[in-house]
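S.K.: Would you be able to build a 3D model of this:
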Amino acid sequence: MSLVILAVTAALQLVVVAVSGSVALLSDTIHNFADASTALPLWVAFAIGRRAPSRRYTYGYGRAEDIAGLFVLLMIGGSATLAAWESITRLLDPRPVEHAWWVLGAGVLGAAGNEFVARYRIRAGRRIGSATLVADGVHARTDALTSLAVAVGAIAVLAGYPRADALVGIIISAMILLMLKDTSLAIYRRMMDAVDPGLVGRAEQAAMQVVGVRAVGQVRMRWVGHRLYADLDIALDGHRDMDSSHGIAEEVRRQIAHQIPGIEDVVVQTHPASASTGRDHTTGHHEAHPA
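M.R.: Just a heads-up that it's a prediction; the model follows:
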């Protein structure tokens, strides 16, 4: 969906670039083509991520999304560099901008197309937990603002300030680079297995609501693509047999799955708690996970 919409938007803008000579619109068009092209690696990554886990890739192939995220970053950086180069060249060697009203309309068209794609990507990314898709949606939203900057530049040209077109092109490049910083941080955190601390707190709270759980030990969570996995230790009260421990572990898993919808898998290890200190022993464990 985003590939088609952005490709059509950029193609229409390219026609206006050809007749107007607007370098600001050229910068925006280059970036829109680059943004459309980022849909392809994401498409491939989601297709690869659907493959079943293997004995080599035991967590599956979800990391393909993070690799696609790196490609997105490269495309963003490359388009910003090219747009800046063209704008600086035009600022040093000014040329008249023709059909400024067309440039104004193309800027508005670019803003509308990018905002539609931004909402579509962000909504889908949040629904499935894909940081790469959300980052790409934020990227498209920034593009909508840059397209509006093109429209502002066209108004300035119509008001008698021809150099405004090149200046807007430089501003667009700077906005893209600023957005690149935030997107890079989001991709970096995902590749480093960072999770929202609030998710860890929700998992701990869900486990403590289960009758028989005395304490929650270490909680480990990670994203593999847009799938979330959790592994936690719990201490049980009293001395319980295997069946009883298994039942509590299964209930903990169900509570966490209820509190964190969409979580892919939860592994629970149980330990008996010391009657005098409430601390769990280090011997023995039990694992529970969905069949």
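
S.K.: When you work out contacts or count neighbours from here on, use the C-alpha atoms and nothing else.
M.R.: Will do.

S.K.: Can you identify each of the helices in the stretch 101-250 of the chain by residue range?
M.R.: Counting by DSSP state H, counting those that start in this stretch, the segments of the stretch 101-250 of the chain that form helices are 131-158, 164-191, 197-208, 242-259.

S.K.: Buried residues, the third one. List them.
M.R.: This means helix 197-208. For helix 197-208, a neighbour-count test (16 or more other C-alpha atoms under 10 Å) marks 200, 203-204, 206-208 as buried.

S.K.: Show me the strands in this protein, by range?
M.R.: Using DSSP state E, the strands of the chain run over residues 213-224, 227-236, 265-272, 287-288.

S.K.: can I get those strands in JSON lines with distance to Gly69, mean neighbour count and mean pLDDT?
M.R.: Putting the strands of the chain into JSON lines (distance: least, C-alpha to C-alpha, whole Å; neighbours: other C-alpha atoms under 10 Å; pLDDT from 0 to 100) gives the following:
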{"stretch": "strand 213-224", "distance to Gly69": "13", "mean neighbour count": "18", "mean pLDDT": "91"}
{"stretch": "strand 227-236", "distance to Gly69": "15", "mean neighbour count": "22", "mean pLDDT": "91"}
{"stretch": "strand 265-272", "distance to Gly69": "24", "mean neighbour count": "23", "mean pLDDT": "90"}
{"stretch": "strand 287-288", "distance to Gly69": "33", "mean neighbour count": "18", "mean pLDDT": "44"}
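
S.K.: and of those, who's closest to Ala194?
M.R.: Minimum separation from Ala194 across the strands of the chain (C-alpha to C-alpha) falls at strand 213-224, 6.8 Å.

S.K.: and the closest one, what does it pack onto?
M.R.: Under the contact criterion of 3 or more C-alpha pairs under 8 Å, 6 or more residues apart in numbering; DSSP states H and E, strand 213-224 touches helix 197-208, strand 227-236.

S.K.: Could you name the helices and strands sitting against the shortest one?
M.R.: Using 3+ C-alpha pairs under 8 Å, 6+ apart as the contact criterion, the secondary-structure elements in contact with strand 227-236 are strand 213-224, strand 265-272.

S.K.: That one - which strands sit beside it in the sheet, and in what orientation?
M.R.: According to DSSP bridges, strand 227-236 has the following sheet partners: strand 213-224 (antiparallel), strand 265-272 (parallel).

S.K.: Relative to His239, which of these is closest?
M.R.: Of all the strands paired with strand 227-236, the one in closest proximity to His239, counting by C-alpha to C-alpha, is strand 265-272 (6.3 Å).

S.K.: Grab the CA positions of that closest one and hand them over as CSV.
M.R.: Coordinates of the C-alpha atoms in strand 265-272 are reproduced here as CSV (Å, rounded to 0.1, in the frame of the first residue of the first chain):
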residue,chain,number,x,y,z
ASP,A,265,6.1,-17.0,24.1
VAL,A,266,6.6,-17.0,27.9
VAL,A,267,9.0,-19.4,29.7
VAL,A,268,8.6,-19.6,33.5
GLN,A,269,11.1,-21.2,35.8
THR,A,270,10.0,-22.0,39.3
HIS,A,271,12.0,-22.3,42.5
PRO,A,272,11.0,-23.0,46.1
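
S.K.: and the gap between the closest residue in space to His139 that isn't next to it in sequence and Val267?
M.R.: Spatial nearest neighbour of His139, excluding adjacent residues (C-alpha to C-alpha, 6 or more residues apart in numbering): Met179 at 6.9 Å. Counting by C-alpha to C-alpha, to the nearest Å, the gap from Met179 to Val267 is 37 Å.

S.K.: pLDDT below threshold where in the stretch 101-250 of the chain?
M.R.: Under the criterion of pLDDT under 70, the regions of the stretch 101-250 of the chain flagged as low confidence span 131-132.

S.K.: rerun that using 50 as the cut-off
M.R.: Along the stretch 101-250 of the chain, segments meeting pLDDT under 50 are nowhere present.

S.K.: Per the annotation, how does this protein divide into domains?
M.R.: Under automatic domain parsing, the residue ranges defining each domain of the chain are 2-191, 197-288.

S.K.: Deepest-packed of the ones you listed, please.
M.R.: For those, the stretch with the most neighbours on average is domain 2-191, a mean of 20; neighbours defined as mean count of other C-alpha atoms under 10 Å.

S.K.: Between its first and last residues, how far does it reach?
M.R.: The first residue of domain 2-191 is 24 Å away from its last residue (C-alpha to C-alpha).

S.K.: go on, stretch 215-232?
M.R.: The first and last residues of stretch 215-232 sit 11 Å apart, counting by C-alpha to C-alpha.
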